[in-house]
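S.K.: 3D, please:
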Amino acid sequence: MNSPTQCQDAASRIAAAEQPLPTPVYLRKLYWWAYEHPLAVKFWDRDFLINFILLGNYDRLGNAVLEEFPQPLGGKTLQISCAYGKLTPRLQQQLGDEAQLDIIDVLQVQLDNTRRKLQQPDERITLTQCNAAMLKCADASYDRALMFFLPHELPEPVRRQALAEAFRVLKPGGQLVMVEFHRPKWWHPLRLYQRLVFMLFEPFATDMWEHELTEYFPPELQYRLDKKATYFGDLYQKLVLTKLG
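M.R.: Numbering: from 1, shown residues only. Presented below is the predicted three-dimensional model:
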């Protein structure tokens, strides 16, 4: 049986998937209404809705990501999971002529949606169905990786695997950029509202309030925390980390 995806080791690129991947049980059970159903994709991928969900901070957080990438962006970049909104098209605009951007997601419907938003054709970009917890590409093959609001949607064991995989595919000296939820200040006026949203729709997201993201890294990992910034009363965070060794 052929594997779902193959990695072109010579070029450190993700090749096209030969067989569709099954949807993880937790995703189908908890997030079908947000990511899996085609009508859900059409409904939710609207800038004003994304901005509403992020309490008016979508552009600010997108800018926080892009400021960590050089202009023009060179080398090889891995975006782990598609993102609603205009973040990926903006990242495309920042790519240099020789840059490579590989985008992976476990849901083909998300990849198709992202592809429609990109300027095509663009040989610098590949979109491949792939599970973030089982990346089918070579060790130390990327200069940087991006996770935009992914870890909070993963059960803890899957989250640990996905973070381990992200670091595995980074070159020594490569960077991982993450934007995620963060424990807000005690006085935050929307603290109770956000907790209610988590209870109703994001059952794993409360982990972001109870633990630092770095607690989910592999214990043997050697890394440097280059930057941690928080936004909107500490409700959101950005981490920039460099893989050592």
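S.K.: nearest residue to K171 other than its sequence neighbours?
M.R.: Nearest-residue entry for K171: A140, 4.7 Å, with adjacent residues in sequence omitted and distances by C-beta to C-beta, 6 or more residues apart in numbering. In short, each C-beta sits where N, CA and C put it, glycine included.
S.K.: correction: Q94
M.R.: Nearest non-adjacent residue to Q94, counting by C-beta to C-beta, 6+ apart: L73, 4.8 Å away.
S.K.: tell me the helices in this structure, going along the chain?
M.R.: In the chain, the helices defined using DSSP state H lie at 25-31, 38-44, 47-53, 58-66, 87-94, 108-117, 156-168, 191-201, 207-210.
S.K.: so what angle separates the directions of the strand ranked longest in the chain and helix 156-168?
M.R.: For the chain, the longest strand by residue count, based on DSSP state E, is strand 170-181. Between strand 170-181 and helix 156-168, the angle comes out at 140 degrees (axes from the mean of the first three to the mean of the last three C-alpha atoms, to 10 degrees).
S.K.: now find how far off-centre strand 170-181 is within its chain.
M.R.: When distances are taken as C-alpha atoms, centre = their mean, to the nearest Å, strand 170-181 is centred 10 Å away from the chain's centroid.
S.K.: ok, what's across the strand from the residue most central in space within the chain?
M.R.: Centroid-nearest residue in the chain: M147, 2.6 Å away (criterion: C-alpha atoms, centre = their mean). Residues in a beta bridge with M147, per DSSP bridges, are M178.
S.K.: if I look at it, how far off is R195?
M.R.: Distance, M147 to R195, using C-beta to C-beta, to the nearest Å: 23 Å.
S.K.: what's the answer for Q108, then?
M.R.: Relative to R195, Q108 is positioned 33 Å away (C-beta to C-beta).
S.K.: then K238?
M.R.: Distance of K238 to R195, given as C-beta to C-beta: 21 Å.
S.K.: give me the mean pLDDT for stretch 121-140.
M.R.: Stretch 121-140 carries an average pLDDT of 97.
S.K.: kindly export that stretch (C-alpha atoms) in PDB.
M.R.: C-alpha atoms of stretch 121-140 as PDB (Å, rounded to 0.1, in the frame of the first residue of the first chain):
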ATOM      1  CA  PRO A 121       0.300  29.200 -11.000                       C
ATOM      2  CA  ASP A 122       3.100  29.400  -8.500                       C
ATOM      3  CA  GLU A 123       5.700  26.700  -8.600                       C
ATOM      4  CA  ARG A 124       7.200  28.000  -5.300                       C
ATOM      5  CA  ILE A 125       4.100  26.600  -3.400                       C
ATOM      6  CA  THR A 126       2.900  23.100  -2.700                       C
ATOM      7  CA  LEU A 127      -0.300  22.100  -0.900                       C
ATOM      8  CA  THR A 128      -0.400  18.500   0.400                       C
ATOM      9  CA  GLN A 129      -2.700  16.500   2.600                       C
ATOM     10  CA  CYS A 130      -0.600  15.400   5.600                       C
ATOM     11  CA  ASN A 131      -1.200  14.900   9.300                       C
ATOM     12  CA  ALA A 132       0.800  17.400  11.400                       C
ATOM     13  CA  ALA A 133       1.500  14.600  13.900                       C
ATOM     14  CA  MET A 134       3.100  12.400  11.200                       C
ATOM     15  CA  LEU A 135       5.000  14.600   8.700                       C
ATOM     16  CA  LYS A 136       6.200  12.600   5.700                       C
ATOM     17  CA  CYS A 137       9.300  14.600   5.000                       C
ATOM     18  CA  ALA A 138      12.900  14.500   5.900                       C
ATOM     19  CA  ASP A 139      14.700  15.500   9.100                       C
ATOM     20  CA  ALA A 140      16.200  18.900   9.100                       C
END
